[in-house]
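Asks: Everything below, folded, please.
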Amino acid sequence: MEKIKVSLGENSYYIYIGYHLEKIKREIEKLNFGNKFVILSDKNVFKLYGEIIKKTLENKTVHCIVLSCGEKQKNFNNVLKIINQLVKFKINRDDTIINLGGGVINDIGGFVSSIYMRGIKYISIPTTLLAQVDASIGGKTGINLKFGKNLIGTFYQPSLVYIDLNTLDTLPYREIKQGIAELIKYGVIKNEKIFETLEKVKLKELKDNYEFLVKESVKVKVDVVEKDEKEKKGLREILNFGHTLGHGIEITNIKKFSHGDAVCLGMIGESYIAFKKGLCDNDVYIRIKNLGRKFKLKTSFEKLDLKKVVEFMRYDKKIKKGNLRFVLPEKIGKVIPGVEIDEIEIIKILEEIKKNEKN
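Replies: Predicted structure coming up:
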């Protein structure tokens, strides 16, 4: 078990890693979360953990809002539905939303919390590996438009993040590997030990390494967020490795590729771009691709319409002054942010990957 502080002045909070859900009441009672709580979750997660959280808050007034599952739930219609429910429940600024679920719930729940009554408190209880190392930490909230992911959102920090690693035991491997893509990212951008651990560990040994991998990944993100909470200094940009290209792949192939698969392809593509630009050795590209293949993430560009992918990348939040910007690896554990590359050159380099796959 570990308790990590995110030091952001009046927006500071703690992340609890390796604690049991049944014990969350003790931490809630230490802080001022009001007398009314709204548990926001999806159907699958609520069946597993909804009653556990309700029971821990048995002396409080607890309401529940349960959404369907999937990335498509991150839309304006659901935001309005949730807000209407909050009004119905007479939730005010002294009360608290509990985001119980994966990345979708944490993103939309954080966004609603940031705009309802100009901001109310929220607790994140991430139940997927992806949410535990990424979506629940750092205060980025958002919903999707048809043009791209998270194009509408805010920076709004949680009041508490509570991670029970046992929730990962209920997940099928197809969900676990979504988080592994983010673990690979953290290894590439700032922590070589994470990457090397993933290279050494066998699939059946993964569970025994969850605590180390989650803890080290969270520390990387916390360090970056503390230095550049709202992306004003350019330091937080390194967290976008694999995501500039990855989001373009995901939004144009939403039925074919999960977030983790798209990010893995994004990291492979961006590392190959770095190699072709002379920023890193070919070995970096090979190691990232091999790691993706090891954990059964998608690694082939064969079926991608690269022109369409790049076209959708123009809507990405990371574009500045009309230029596509990338975070590119220099080596495992170190990246170069803010590399601007012409669209024609991007397509040319990525087409080379497709050609190499056929040979």
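Asks: Lys221 is in contact with Gly139, isn't it?
Replies: No. In this structure, Lys221 is not within contact of Gly139 by C-beta atoms under 8 Å, at 10.7 Å. From N, CA and C alone the C-beta is placed, and that goes for glycine too.
Asks: of those two, who's got more company?
Replies: Lys221 (24 against 19; other C-beta atoms under 10 Å).
Asks: how about that one, what does it touch?
Replies: Counting by C-beta atoms under 8 Å, 6 or more residues apart in numbering, Lys221 makes contact with Val133, Asp134, Ile137, Gly138, Tyr186, Leu239.
Asks: cool, and Asn323?
Replies: Asn323 sits next to Glu340 when contact means C-beta under 8 Å, 6+ apart.
Asks: thinking again about what came up before, what's the PyMOL line that selects buried ones from the contacts of Lys221?
Replies: Selection of buried members from the contacts of Lys221 for PyMOL, criterion 16 or more other C-beta atoms under 10 Å:
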select buried, resi 133+134+137+138+186+239
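Asks: now for the contacts of Lys221, which pair is the farthest apart?
Replies: Greatest spatial distance among the contacts of Lys221 (C-beta to C-beta): Gly138 and Tyr186, at 12.4 Å.
Asks: Distance-wise, check Lys308 relative to Asn253.
Replies: From Lys308 across to Asn253, the span is 9 Å (C-beta to C-beta, to the nearest Å).
Asks: Between these two, which is the more surrounded one?
Replies: Asn253 (19 against 14).
Asks: Need the pLDDT of the more buried one.
Replies: Asn253 carries a pLDDT score of 81 in this model.
Asks: OK, contacts around the closest residue to Phe295 other than its chain neighbours?
Replies: Once flanking residues are discounted, Phe295 sits nearest to Ile180: 4.8 Å by C-beta to C-beta, 6 or more residues apart in numbering. Listed by C-beta under 8 Å, 6+ apart, the contact partners of Ile180 are Leu129, Leu198, Gly260, Phe295, Leu297.
Asks: give me phi/psi at Ile36?
Replies: You called it Ile, but residue 36 is Lys. Per-residue torsions, Lys36: phi -120, psi 140 (degrees, to the nearest 10).
Asks: hang on, I meant His247
Replies: Main-chain dihedrals, His247, degrees, to the nearest 10: phi -70, psi -40.
Asks: got it, and Lys202?
Replies: The phi/psi pair for Lys202 (degrees, to the nearest 10) is phi -90, psi 160.
Asks: any idea how far it is from Phe295?
Replies: Going from Lys202 to Phe295 by C-beta to C-beta gives 11 Å.
Asks: how about the contacts of Lys221 in CSV, adding distance to Val104?
Replies: Shown next, in CSV, are the contacts of Lys221 (distance: C-beta to C-beta, whole Å):
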residue, distance to Val104
Val133, 15
Asp134, 12
Ile137, 15
Gly138, 16
Tyr186, 21
Leu239, 19
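Asks: Could you list which of the contacts of Lys221 belong to helices?
Replies: Per DSSP state H, helices hold the following members of the contacts of Lys221: Tyr186.
Asks: out of the contacts of Lys221, who's nearest Lys5?
Replies: Nearest to Lys5 among the contacts of Lys221 is Ile137, at 12.2 Å by C-beta to C-beta.
Asks: so who does that closest one touch?
Replies: Residues counted as contacts of Ile137 (C-beta under 8 Å, 6+ apart) are Val6, Ile15, Ser124, Val161, Val218, Lys221, Val222, Val225.
Asks: same check, this time on Leu245
Replies: Here Leu245 is in contact with Leu265, Gly266, Gly269, Glu270, Val309, Met313, Phe326 (C-beta under 8 Å, 6+ apart).
Asks: Nearest residue to it in space, ignoring adjacent ones along the chain?
Replies: Excluding its sequence neighbours, the residue lying closest to Leu245 (C-beta to C-beta, 6+ apart) is Gly266, at 4.0 Å.
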